[in-house]
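*Asks:* The following block contains a protein sequence and its predicted model.
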Amino acid sequence: MLSRLVRSDQGRLHHLPVILGLLLLLLFAAGAAAAPGGGKGGGKPRGTSSTPTISIASPSSGSTVSGPVSVSGSASDNGTSVASVQVSVDGGTYQRATGTTSWSFPLNSASYPDGTHTIAAKATDSSGSTAVTTNTVTFNNTPTPTTPPPDTSPPSVAIAAPAPGSTVSGTVSVSGSAADNISVAAVQVSLDGGPYQAAQGTSSWSYSLDTTMLAAGSHTLSARATDTSGNASTTNENVTVQNSTTLPPGVVQQLVTPEGATINIYSDAVGWTAQQVYDLLKPNAYQLDVIGPTLTIDVTAQYASQTTTSASSSNGVWGNYHATITLQANGTSAFATRPDAIAAHEYGHAWTNYYYYVRWQRDWTPWLQERGLAGNPLLDSSYQWTIREMIADDYRLLFGTSSAQSEMAYINPAIPEPRTVAGLKNWFVNTWG
């Protein structure tokens, strides 16, 4: 029976090696397929993926920033590497930051309106995975207003005209100036402690005062300046009101200066008030306090500018001196075009003639000797050689203002100009006068 079985299987035995080979090949393929997922085959375990992380370190969430600010932070990945970091504000376009694991981005907060804003940072790894984080911050680029200290400084105020101690009549222009560390709000004028009345202007102000209703005598003018904070200051001066009904014919305004000079403005005078003439005369008038009581100034368009003087003799002594200066006030006169020079020259006549009579008893010799002109045959031969004109022009160039000196050349170019003569001004002060 065994021999029968063997014989019956002999026909199948020749297939056994083929079957065994196929089984080994299947086992080898199965082992190779299992190797990549095994501990020794490398790669990630089945079921894991690459995921980056990112954080914003500055500015911190909830903080307030202004101007340029650096947004910075860090990023990492659990599998591959961080490829890039980008930053966005309020959902806007992402912009690339500098760096990856440690990154920064320049942001100008002044480019955005003040208020709350959201800063987003996005990290992307080399596999294309992304992660986003946000911080909410406040932008504040509006300067905090500062409250200025209270203004406690009062303004200053001054009365320029009429001059203190003046004698005035008719309608007088009271004028002056005011200043403040911030701003002058108003200037007002009061008479004799009465109610204040508004003046015109502030830093430069004026007020028209009608003196015809005032009693003759001394009166007090007050000027008050008030600034925009309510601080105020005042100044006062006394003037004398004398409204005479016997003004010289044609005179419409008269002013007696504090030095005693009388200024008459005639109806035909163009563009001058008595105060303006006084303001012009005073800086050009050396010893006006001495000459003033003997001096009258007539401002008119009718006569050329000139000076006339007079004196009388008693017991051989000259005195009772008086001078009248006429200033021609029209649009084309020398006084209109060279006011300082003409005023100084004419006052030079009044001043030098005063001492010619009162001190030197009508003798020009001391001045002629000082000027080296004694015995010169040209003296008084022509206008430029007239003694009275030359000495008056000496005065103009030695005692007049810079304008008085520059507006005209010296009257006689044939003799030394007085400013070049050493010691001449001192001689006038200490010897002639």
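*Replies:* Happy to help now that I have it. It should be emphasised that the depicted structure is a prediction, and the values quoted were computed from it without experimental measurement.
*Asks:* Could you use CA atoms for every contact and neighbour count after this?
*Replies:* Noted.
*Asks:* domains of the chain?
*Replies:* 52-139, 156-241, 251-432 (automatic domain parsing).
*Asks:* can you redo those domains as a markdown table with mean neighbour count, distance to Thr146 and mean pLDDT?
*Replies:* A markdown table is the format used below for the domains of the chain (neighbours: other CA atoms under 10 Å; distance: least, CA to CA, whole Å; pLDDT from 0 to 100):
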| stretch | mean neighbour count | distance to Thr146 | mean pLDDT |
| --- | --- | --- | --- |
| domain 52-139 | 18 | 18 | 94 |
| domain 156-241 | 18 | 17 | 93 |
| domain 251-432 | 18 | 46 | 95 |
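*Asks:* mind checking which of those is nearest Pro148?
*Replies:* Evaluated with CA to CA, these place domain 156-241 nearest to Pro148, the distance being 11.9 Å.
*Asks:* first to last residue in the closest one, what's the distance?
*Replies:* Taking CA to CA, to the nearest Å, the first and last residues of domain 156-241 lie 27 Å apart.
*Asks:* Relative to the whole chain's centre, how far out is it?
*Replies:* Counting by CA atoms, centre = their mean, to the nearest Å, domain 156-241 is centred 27 Å from the centre of its parent chain.
*Asks:* Please apply the same query to stretch 86-101.
*Replies:* Distance of stretch 86-101 from the chain centroid (CA atoms, centre = their mean) equals 48 Å.
*Asks:* List the contacts of that stretch.
*Replies:* Residues from elsewhere that reach stretch 86-101 (CA atoms under 8 Å, 6 or more residues apart in numbering): 74-76, 82-85, 103-105, 117-123.
*Asks:* same thing with stretch 355-368?
*Replies:* Outside stretch 355-368, the residues touching it (CA under 8 Å, 6+ apart) are Ala311, Val317, Trp318, Gly319, Tyr321, Ala374, Trp432, Gly433.
*Asks:* Surely the first one is within a strand?
*Replies:* Yes: according to DSSP: H, G, I helix; E, B strand; the rest coil, Ala311 belongs to a strand.
*Asks:* For the chain, which segments count as helices?
*Replies:* 2-13, 16-34, 274-281, 288-291, 334-337, 339-358, 365-371, 387-399, 402-406, 424-427 (DSSP state H).
*Asks:* quick revisit: now distance to Ser111 too, for the contacts of stretch 355-368, in CSV please.
*Replies:* Formatted as CSV, these follow (distance: CA to CA, whole Å):
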residue, distance to Ser111
Ala311, 88
Val317, 94
Trp318, 91
Gly319, 89
Tyr321, 85
Ala374, 89
Trp432, 81
Gly433, 79
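*Asks:* wait, which of these is closest to Asp394?
*Replies:* The closest of the contacts of stretch 355-368, once distances to Asp394 are taken by CA to CA, is Trp432, at 12.4 Å.
*Asks:* What sits closest to that closest one if chain neighbours are left out?
*Replies:* Tyr355 (6.9 Å; CA to CA, 6 or more residues apart in numbering).
*Asks:* same deal with Ala123?
*Replies:* Nearest residue to Ala123 in three dimensions, chain neighbours excluded: Val85, at 4.5 Å (CA to CA, 6+ apart).
*Asks:* Ok, Thr211 next?
*Replies:* Gly170 (5.3 Å).
*Asks:* in terms of contact, does that neighbour touch Asn243 like I think?
*Replies:* Yes: contact status for Gly170 versus Asn243: in contact at 6.5 Å, counting by CA atoms under 8 Å.
*Asks:* Distance check, Trp318 against Tyr356.
*Replies:* 10 Å.
*Asks:* Look up how far Ala158 lies from the nearest residue to Met390 once chain neighbours are set aside.
*Replies:* Nearest residue to Met390, sequence neighbours excluded (CA to CA, 6+ apart): Ile411, at 6.6 Å. For Ile411, the distance to Ala158 (CA to CA) stands at 39 Å.
*Asks:* cool, and Thr294?
*Replies:* 30 Å.
*Asks:* give me every residue that touches Thr240.
*Replies:* Applying CA under 8 Å, 6+ apart, the residues near Thr240 are Gly165, Ser166, Thr167, Val168, Ala216, Gly217, Ser218, His219.
*Asks:* from those residues, which two are the most distant?
*Replies:* Longest span within the contacts of Thr240, CA to CA: Gly165 and Ala216, 13.7 Å.
*Asks:* Distance of Ser382 relative to Tyr112?
*Replies:* When CA to CA is the yardstick, Ser382 and Tyr112 sit 87 Å from each other.
*Asks:* related to what we said a few turns ago, who touches both of Gly170 and Asn243?
*Replies:* Thr211, Thr212.
*Asks:* Wait, Gln197 touches Val189, no?
*Replies:* Yes: counting by CA under 8 Å, Gln197 does reach Val189; the two are 5.2 Å apart.
*Asks:* what's in contact with stretch 421-433?
*Replies:* Residues contacting stretch 421-433 (CA under 8 Å, 6+ apart): Tyr355, Arg359, Pro366, Trp367, Glu370, Leu398, Pro418, Arg419.
*Asks:* again, only this time at 10 Å
*Replies:* 286-287, 351-352, 354-356, 358-360, 364, 366-367, 370-371, 394-395, 397-399, 418-419 (CA atoms under 10 Å, 6 or more residues apart in numbering).
*Asks:* who's in contact with the closest residue to Ala404 other than its chain neighbours?
*Replies:* Nearest non-adjacent residue to Ala404, counting by CA to CA, 6+ apart: Ala341, 3.8 Å away. For Ala341, the contact set (CA under 10 Å, 6+ apart) comprises 284, 334-335, 347, 393, 396-397, 400-409.
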